[in-house]
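A.B. asks: Would you be able to build a 3D model of this:
(2 chains)
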Amino acid sequence: MAKIQLTIDGNEVLAEEGSSILEAAREAGIEIPHLCYMDNLPSSGSCRLCVVEVEGIKNLVTSCSTPATANMVVKTATEKVIRARKTVIELLLSDHPFDCMTCEQSGRCELEKYAYELNVTGSRYDGDKHNYSVDASNPFFIRDYNKCILCGRCVTACKQIQHIEAISFINRGFDCKIAAAYDRSLRESNCIFCGQCLAACPTGALVEKSRIGAGRTWELEKTTTICPYCGVGCSIELHTKNDRIVNVTPASGESVNNGRLCVKGKFGWDFVHSPERLETPLIRTGEKGEGKFRTASWEEALELVASRLADIKSDSGPDSLGFLSSAKCTNEENYLFQKFARAVIGTNNIDHCARL
Amino acid sequence: MNLGEFDHLYISLQAEQNGDMIRIQVCGGTGCNAQGGRMVYDALYREISEMGLSDRVLLSSTGCHGFCERGPIVSIQPGGIFYPQVTPGDVKEIVSATVIGKQVIDRLLYVDPLTGEKQAFDHEISFYARQQRIVLAGNGKLDPQSILDYIRNGGYQSVRKALSSMTPEQVISEILASGLRGRGGAGFPTGRKWSFARNATGDRKYMVCNGDEGDPGAFMDRSLMEGNPHLVLEGMIIGAFAIGANTGYIYVRAEYPLAVSNLKLAIAQAEKLGLLGNNILDSGYNLEIRVIEGAGAFVCGEETALMASIEGKIGRPRPRPPFPAQSGLWGRPTNINNVETLANIPHIINQGSVNYAATGTETSKGTKIFSLTGAVNNTGLVEVPMGTSLGELVYDIGGGIIGGRRFKAVQIGGPSGGCLPAKYLGLPIDYESLSAIGSIMGSGGLVVMDEASCMVDIARFFLSFTQSESCGKCTPCRLGTKRMLEILTRITRGEGREGDIELLVELSNNIKSTSLCGLGQNAPNPVLSTIQYFRDEYEAHIREKRCPAASCEAMIYAPCEHSCPLNVDVPGYVALISQGRFEEALDLERRRNPLAGVCGRVCHHPCENRCRRGDIDQPVAIAALKRAAADYGANHKTGRPGKIEPVHKEKIAIIGSGPAGLNAGYHLAKQGYRVTIFEALPVAGGMLAAGIPEFRLPRRVLREDIDFIAALGVEIRLNCPAASIDEIRSQGYSAILLATGAHKGEKLGMSGEDIHGVFDGVGYLRKINLGGRVDTGKKVAVIGGGNVAIDAARSAMRLGAESVTVIYRRPRRDMPANDEEICEAESEGIQILDSTSSLQILGSKTHVFGIECLRTSSGTYDSSGRRRPEIIPGSDFCLEADTVIAAVGQIPDISFLSQNDGIALNGNNTIVVNKITLETACKGVFASGDNVTGPATVIEAMAGGERAAISIDRYLQGIPLEVERFIENKTPVDIPWSEEEVDLGARRQMPGLTSAGRSRNFNETNLGYSKETAIQEARRCLRCDLKGN
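C.D. replies: A predicted model of the protein is given here:
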């Protein structure tokens, strides 16, 4: 990629041709506030927080959508720019509940962050505020559109990341809001509950039900791990408090899933804290079907399985055994498993459940 | 069809034309159809067939004539006989009298609203006569549903020319050379736009015609698409050819059903003839055009939103770059032009760019269609050369303001434009001059507003439009316009707060600089421009809870009361009079206005201008009723109050006993203050005594009113010229009000002014009114057009002049004097010589011989919103006169002030005061009346007096002067009203002396209503104060 040179806040900056002003500034270590923009996705230019001054252009321009061009002179923090950003935040706050003290998003809310950074302590506008009822009709998350700032990131995520387009904007002006088709519930829409919208939401408008009352953002410990479900091996981040999972998000940074997750990885972790979950191997003590087991160590259990497999193979031949592997395992594990069936046991009775 | 076939078609169509045919053109536009145009057409069709005239008369339904307000319109060719507002009932007569009898039907003719003259032909009507119709030329002539009619009149010749003899580059350079700029609003050069699209790389390009016309009141694009759809197609074909597009879209809102169907029909007709489709005119060029119906979102007029809508997406704009020329419809190079822009193209190609560029101004070429609406007599579509002034549009084409009211502002450019005040009437309308004053051309909406329009409410209206049309995508537009609208709504409801104006300006500027598209970027314009030019109105709403235009319902008790500077309970006393309760009526009047007898005679009664009865027939004669109550009180010696014992120890000095001083004294005495009024003259009353002649205001009436005030305990010391501030203070006065008026006549500034026999107007009147001897000659000339000039002229007549001539440099209708006074003067034999400028006074040292005069014509509009008088060279003549009275203005006489007083002055000797509190630069010293405002009216001076009295009270009581000054709401008088009891008669005439009986003496000319007449007149009141009860 060719490089172009421009000036940002008095610094000579080299940027990749085709990059936006926001990206060019970031290269130079200047972070421009933004709400509607998401990395690597087309910008909608709707929140207007990332406005900057460009010499020769009368109005402010949005740095997320304006390409950096050679010899451009950009100023990211002039008085005019700061005034405009403060107005944007003040206007957003004028239609936003002031319940940050109990909001689950507090601590990672981007609106809160910029209100703090720009020192916008409230709003001088005391007009209408939306009073939508909170939608808790799906099992996974609540939708509180009183907190929605209409940045459109959820819509972009749904469309551009997941290619579902379950949600979009409806109505005009002040009454504009995010909705599924015909403003029906998400369950009646083509939503697949992947949770991309939650990951994209900068405020507390979309919150996992599991998070409610389960801990403040800053109390949570983050652990990066691999999704226990299918063989894709998506990187996930467990947010835990006192060793209990509060919620799961796609891991940030480079990973096979690159920020994506499906409904299972995102919401299907409730088994972890299930009292019915097996924590050690069990060995049957009674008759089949009687339901009597005793706990055993892994060594004892594996010993028992190995000896029984060997017995059956010698008594009835290798083809009396069948092997079924799990889609939760990796490709490598599955490979080893079939190798074990074929080479060690000597049977081709091997299948895979790939139907989770 | 190849070129030869096309030419053959054209020639044969021309040959078909029968010059002897009578052509009746009935407007088939939406405006005329809404008023029954189709029924008129059908009736004409039947009548023509029944009379067996079908072979001699060609009846056609044409495109919009532009004069929609006067529809249905029928025009008859040859000749151009023009009948507006035709009904099916008129049809028989039109056919028998006009078609057969060749007679013009007088009763159907258009009446000029300014001159009252009937006009028979369209080219005589000022609405059309001043237009230059290039784009609209075919509207009103052609049948929009007939491609043959179009071709017969030269249609598609520009397509023939471009496709057969020009390269796309040549077309573009021709358009560039013509100087054509986008008519959608922004004015981007069309040729440059085309060359961007031409030079963009792409396997497929699109040509889009933007017909999403959305500005309230603007309908020029609709009129073109409905009335001349082939013109739009023709422009589009050339544009598409120039940029290299083979697909075109016309985006029209579905609310324009006639435009949609006429366009679709036109496309089908053109395809059939091979003027659209593959291999147009055998040139090898292909173009397919489709009509896309929009769902009526204003924002879809914005090009990126429009393209999203064509693509089937939600109509929301996106950031630019990339511009449509690089990445438009489906990511391909796209060119978007407005309907009117495209409709200019055929003319440019046919006539050449040089010809086209000859019309217009340096940077804005050609003509522009405006949709002229609002408070003008002639509304409709007007096409004028760029550079035409606003004044010409409003007055010459628009026929002036309805009902003779005063022009206040014009909203140009729709909801995205700005409100321009009268001082810009002379502004030549082109892109540059509008942008120089912070406004925009927009699509060409012109909404004219008169004095009855509240500018805050106008701003609120436009904001409510943009707010509800905001797509909701970007924060500043979605929430910012909402918050602006809420603040404006609050202000118009009387709930405005200090700081609201500043908050609106701050928010506006941020919305302008940060919004995503033009909708948001321009939405604050109506607010910013009204704040810029009419800030006083905002302040009156916020600080005084008053709507100066008496339009904001929520804060109005009744329009008459609201427009009275003293807020007199007009409906209350009128209702009392209607019951014959004159004494109580006078009592109610005097609560707010102690000079009832004076104001009943000489007030300019702004209350009557806003009387709602006036919207039906004539306003209630409020001033005459006031006089009736005052006369009753004087005749019955009732209503004289007792002395009010002072409750405060502070003494207040008022300098001057004119209306301002008297009213201030009245209100302060009622508050319990000791008030002394110092009067330099030997009589009290200021201008009321020294300026207004006896025949308008008898001295006994003035005395009666002043006695009423004095009876409360207000001391008036005559022959007491003002002393310095320090000296007055040293006499123990705690607060001082300067109410010294404007008694010094202004100089003419011409030679001969010092000759014996030349007077200044106020000086002349003062001498007469104070009983001094004035040598008035036989031939008197008065220079000036105000009330002083008329009073002086009428006084001169009474002092024995044989002839009196008033010389005024502008036309009579511009005279600032009350029209009633001018009419009375004329009936007394005074001659008004208008449009005449005086150059010098001729004479010897001791005698005046005459005045050298020049005739003037009306030139361009000046900053006062009137036409500047321009000398007609060689028109000079001498008006014989032995006495000249110069009444060209008055200024305050401030010689009594000393340098040490610290009172600041303006250039014209008026005193600088705080606009709200009327406090001067010197603490504890206030000023009100003409010495603050310059020469104004009695009631305005009185209002200033009361305002100063409120401030003085607050000053003495140690209360902040500025806050919460407004007067509380009133309770209507307890007199029920029913519709049945309203008097349906016309306004009662004021009885007066005959002109013979009055012109040689100083007896009062108006005699006043009888008791019975007053009661009848009072019953005409509609009691607006009872609304909601």
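A.B. asks: Now the phi/psi pair for the residue of the stretch 351-500 of chain B at minimum distance from chain A, please.
C.D. replies: Residue of the stretch 351-500 of chain B nearest chain A, by CB to the nearest CB: B:Gly472 (2.7 Å). From N, CA and C alone the C-beta is placed, and that goes for glycine too. Per-residue torsions, B:Gly472: phi 90, psi 10 (degrees, to the nearest 10).
A.B. asks: can you pull the contacts of the residue in the stretch 101-250 of chain A positioned nearest to chain B?
C.D. replies: For the stretch 101-250 of chain A, the residue closest to chain B is A:Cys176, as judged by CB to the nearest CB, at 2.7 Å. Residues in contact with A:Cys176 (CB atoms under 8 Å, 6 or more residues apart in numbering or on different chains) are A:Leu150, A:Phe169, A:Ile170, B:Cys471, B:Gly472, B:Lys473, B:Arg478.
A.B. asks: Going by neighbour count, which of those comes out on top?
C.D. replies: The most crowded member of these, judged by other CB atoms under 10 Å in any protein chain shown, is B:Lys473 (30 neighbours).
A.B. asks: Look up how far A:Ser46 lies from that residue.
C.D. replies: Between B:Lys473 and A:Ser46 the distance is 5 Å, computed by CB to CB, to the nearest Å.
A.B. asks: Give the residues shared as contacts by these two.
C.D. replies: Common neighbours of B:Lys473 and A:Ser46, using CB under 8 Å, 6+ apart, are A:Leu150, A:Gly152, B:Leu516.
A.B. asks: Next up, the contacts around the second one.
C.D. replies: When the contact criterion is CB under 8 Å, 6+ apart, the partners of A:Gly152 are A:Cys36, A:Ser44, A:Ser46, A:Phe169, A:Ile178, B:Lys473.
A.B. asks: Equivalent analysis for the last one, please.
C.D. replies: With contacts taken as CB under 8 Å, 6+ apart, B:Leu516 has the following neighbours: A:Gly45, A:Ser46, A:Arg48, A:Thr62, B:Pro317, B:Arg318, B:Pro319, B:Lys473, B:Cys474, B:Cys477.
A.B. asks: got the contact list for B:Trp977?
C.D. replies: Listed by CB under 8 Å, 6+ apart, the contact set of B:Trp977 reads B:Ala575, B:Arg1023, B:Leu1026.
A.B. asks: a markdown table for those, including secondary structure and neighbour count?
C.D. replies: Shown next, in a markdown table, are the contacts of B:Trp977 (DSSP: H, G, I helix; E, B strand; the rest coil; neighbours: other CB atoms under 10 Å in any protein chain shown):
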| residue | secondary structure | neighbour count |
| --- | --- | --- |
| B:Ala575 | helix | 26 |
| B:Arg1023 | coil | 21 |
| B:Leu1026 | helix | 15 |
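A.B. asks: Need the max-distance pair from the contacts of A:Cys176.
C.D. replies: Comparing every pair within the contacts of A:Cys176 by CB to CB identifies A:Ile170 and B:Arg478 as the most remote, at 13.5 Å.
A.B. asks: can you tell me the helix or strand for B:Thr846?
C.D. replies: Take DSSP states H and E as the rule and B:Thr846 turns out to sit in neither a helix nor a strand.
A.B. asks: OK, contacts around it?
C.D. replies: For B:Thr846, the contact set (CB under 8 Å, 6+ apart) comprises B:Ile755, B:His756, B:Gly757.
A.B. asks: just checking, what packs against the longest helix anywhere in chain A?
C.D. replies: The helix spanning the most residues in chain A, taking DSSP state H as the definition, is helix A:298-316. Helix A:298-316 sits against strand A:282-284, with contacts defined as 3 or more CB pairs under 8 Å, 6 or more residues apart in numbering or on different chains; DSSP states H and E.
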